[in-house]
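J.: just coords:
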């Protein structure tokens, strides 16, 4: 594992660079002038040309890319064209809400997915297993924004239609209600949690569906191994066989799945934050793309890429801890 770490870090750095380069190229292929969008249609050509020169957008694209890459590598992320604020400040305000959303949904996804998958493995080939398998397959196939719109229709606007208790009605937009700053500690915390319920549930439901299917398959395979049959032959209880032997043996592949979950999770965050008006990096990125705010889009893409790559490295480390056979590396 230690000998493979430098190579993994090199590959990770190259991956981030490749993602940023592709994003830079795609941004400049999309029609639209960020300066005209910023100044408005009434700006005269001389003003637009002066602004483009001041922002360095009149230089050749390779020069712009190299200069931006050099500044970004030294921590100078530039200024947002649309907001006229430092890019680091724009993303710094949005990073916390995104990490809160991703962290909460990831925790619920793994806890729920492992519980559902283990329950299915214990009842494999039963009608209940088939029903849950069908449900998780449909849920996993649905795009996150479809799940989000369904939850909004059901739990934000559909409460009166279904005559559900008022406690099941959750806010659909924003991270806090009007006047939340005037609330006390407990009331403010409750308001924040209620605003967090629908976006976290959206991401967690899709994650639970995928992880449950993976856990079920890994545990069913493990339960066919000789050491599980030997444990049963010793007279161990079935619950202990499932938890101490089958589930523990399936832990390595499940932790590896962590690295595959992060890209899907961060891509889902972009849509979910836009639907729920959650003030995170996904919503900021969408707004920056619409405004052709190149510095914000490039910096946000780089941050997302670094988070995904770091998650993959963490997943490899956790899988090596769970399975000693992987610590030697390839």
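T.: Good, I have the coordinates. Just so it is clear, the structure is predicted and the values come from calculations on it, not from any experiment.

J.: can we go C-alpha only for contacts and neighbour counts from here?
T.: Will do.

J.: what about the helix or strand harbouring residue 145, distance to the chain center?
T.: Assigned by DSSP states H and E, residue 145 belongs to helix 144-155. Counting by C-alpha atoms, centre = their mean, to the nearest Å, helix 144-155 is centred 17 Å from the centre of its parent chain.

J.: just the buried positions in it, please.
T.: Within helix 144-155, the residues scored as buried using 16 or more other C-alpha atoms under 10 Å are 144, 145, 147, 148, 149, 151, 152, 154, 155.

J.: and the pLDDT for the nearest residue to the fourth one once chain neighbours are set aside?
T.: Spelled out, that is residue 148. Spatially, and ignoring its direct neighbours in sequence, residue 148 is nearest to residue 202 (5.4 Å; C-alpha to C-alpha, 6 or more residues apart in numbering). pLDDT recorded at residue 202 is 92.

J.: isn't there a strand covering residue 202?
T.: No. Residue 202 is assigned helix when assessed by DSSP: H, G, I helix; E, B strand; the rest coil, not a strand.

J.: who's in contact with it?
T.: 144, 147, 148, 151, 272 (C-alpha atoms under 8 Å, 6 or more residues apart in numbering).

J.: residue 43: what secondary structure?
T.: Residue 43 - assigned by three-state DSSP - is coil.

J.: check the burial of it by counting its neighbours.
T.: For residue 43, the tally of surrounding residues (other C-alpha atoms under 10 Å) stands at 13.

J.: so what's it up against?
T.: Residue 43 is in contact with residue 36, counting by C-alpha under 8 Å, 6+ apart.

J.: pLDDT wise, what is residue 325 at?
T.: pLDDT, read off for residue 325, is 56.

J.: low pLDDT regions in the stretch 151-300 of the chain?
T.: Scanning the stretch 151-300 of the chain for pLDDT under 70 picks out 158-164, 166, 180-183, 259-260.

J.: one more pass at 80, please.
T.: Within the stretch 151-300 of the chain, the stretches with pLDDT under 80 are 156-169, 175-185, 187-188, 222, 224-225, 227-229, 231-264, 266-267.

J.: show me the helices in it, by range?
T.: With DSSP state H, counting those that start in this stretch as the criterion, the stretch 151-300 of the chain has helices at 159-162, 185-222, 226-233, 238-240, 248-249, 251-276, 281-290, 294-322.

J.: the longest one vs helix 144-155, what angle?
T.: Spelled out, that is helix 185-222. With axes from the mean of the first three to the mean of the last three C-alpha atoms, to 10 degrees as the basis, helix 185-222 and helix 144-155 are set at 130 degrees to each other.

J.: list the buried residues of helix 185-222.
T.: So helix 185-222, judged by 16+ other C-alpha under 10 Å, has buried residues 188, 191-220, 222.

J.: next: the last one.
T.: Within helix 294-322, the residues that count as buried by 16+ other C-alpha under 10 Å are 294-320, 322.

J.: before we move on, what about stretch 81-98?
T.: Buried residues in stretch 81-98 (16+ other C-alpha under 10 Å): 81, 82, 86, 87, 88, 90, 91, 94, 95, 97, 98.
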